[in-house]
Structures are given as C-alpha cells and as structure tokens.
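# Need coordinates for the following:
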Amino acid sequence: AEPAMSPELGECIARDSRLLKQLGWRDFVKRKRPRSDIATLENVDHPARDLLKFYKTRGAPVKFKTPPWGRPRVLHALKRGP
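Next up, the predicted model:
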C-alpha cells in the first residue's frame, strides 16, 4: 500500500490543480517558475560552466528510491486527481 498523503500536500495539489485549470500549462509554469535558479553563465570562467548551463536548460538528474511508474499507473493517477 502507498503511504497516506499529508493534508498539507493535498492542499498544495488541490490549489495548484485549480490554478493549472485556470491558467493553462504555459502560464502555470511561468507563474510557478518565473526565473531561473541559476544566474547567467555567459561571463563565468569555471570548469563546471558547461555542466551548470546544461542543468539550467535541461534540469538536474534525480535518482529515486522507487522504480519508475509505468504508463498505466501514471494515467490512473492523473484520472484520480488529487
């Protein structure tokens, strides 16, 4: 069985679900992530510059302890909603 969801997480999901329906995907993302977490790197002289530019544009890789969800599980979760 999956662990129970905290009330706070449920409230965040419900609020963001309403906002997503109101704004649409592009405007929702713009509102939630209005600017980059990484400043401009054009004038940075550092060995990690290319890696940081990659993370800025593509995101950083994340390792999960649980196995990836299959398409049926993702579709079921989306259908169920928050």
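
# What lies in contact with the top helix by length along the chain?
When the chain is parsed with DSSP state H, its longest helix is helix 7-23. By CB atoms under 8 Å, 6 or more residues apart in numbering, the surrounding residues in contact with helix 7-23 are Met5, Phe28, Arg31, Lys32, Gly81, Pro82. For every residue, glycine as well, the C-beta is placed using N, CA and C.

# List the buried residues for it?
Judged by neighbour count (16 or more other CB atoms under 10 Å), helix 7-23 contains no buried residues.

# Packing partners of the helix or strand following that helix?
The first helix or strand that comes after helix 7-23 along the chain, using DSSP states H and E, is helix 25-32. Contact here means 3 or more CB pairs under 8 Å, 6 or more residues apart in numbering; DSSP states H and E; on that basis helix 25-32 packs against helix 7-23.

# okay, the angle between the helix it packs on and helix 25-32?
130 degrees (axes from the mean of the first three to the mean of the last three CA atoms, to 10 degrees).

# Which PyMOL command selects the buried ones in the contacts of helix 7-23?
Buried residues within the contacts of helix 7-23, by 16+ other CB under 10 Å, are selected in PyMOL with:
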select buried, resi 28
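
# Now distance to Asn43 and pLDDT too, for the contacts of helix 7-23, in CSV please.
Output for these, formatted as CSV (distance: CB to CB, whole Å; pLDDT from 0 to 100):
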residue, distance to Asn43, pLDDT
Met5, 44, 80
Phe28, 32, 92
Arg31, 29, 88
Lys32, 28, 85
Gly81, 45, 80
Pro82, 43, 73
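
# Tell me which two in the contacts of helix 7-23 are the farthest apart.
Greatest spatial distance among the contacts of helix 7-23 (CB to CB): Met5 and Arg31, at 23.4 Å.

# Low-confidence bits of the chain, can you list those?
1, 34-38 (pLDDT under 70).

# Show me how far stretch 62-73 is from its chain's centre.
Here the centre of stretch 62-73 is set off from its chain's centre by 14 Å, with CA atoms, centre = their mean, to the nearest Å.

# Sorry, wrong one. I was asking about stretch 32-49.
For stretch 32-49, the distance to the chain centre is 19 Å (CA atoms, centre = their mean).

# Brilliant, that's me finished.
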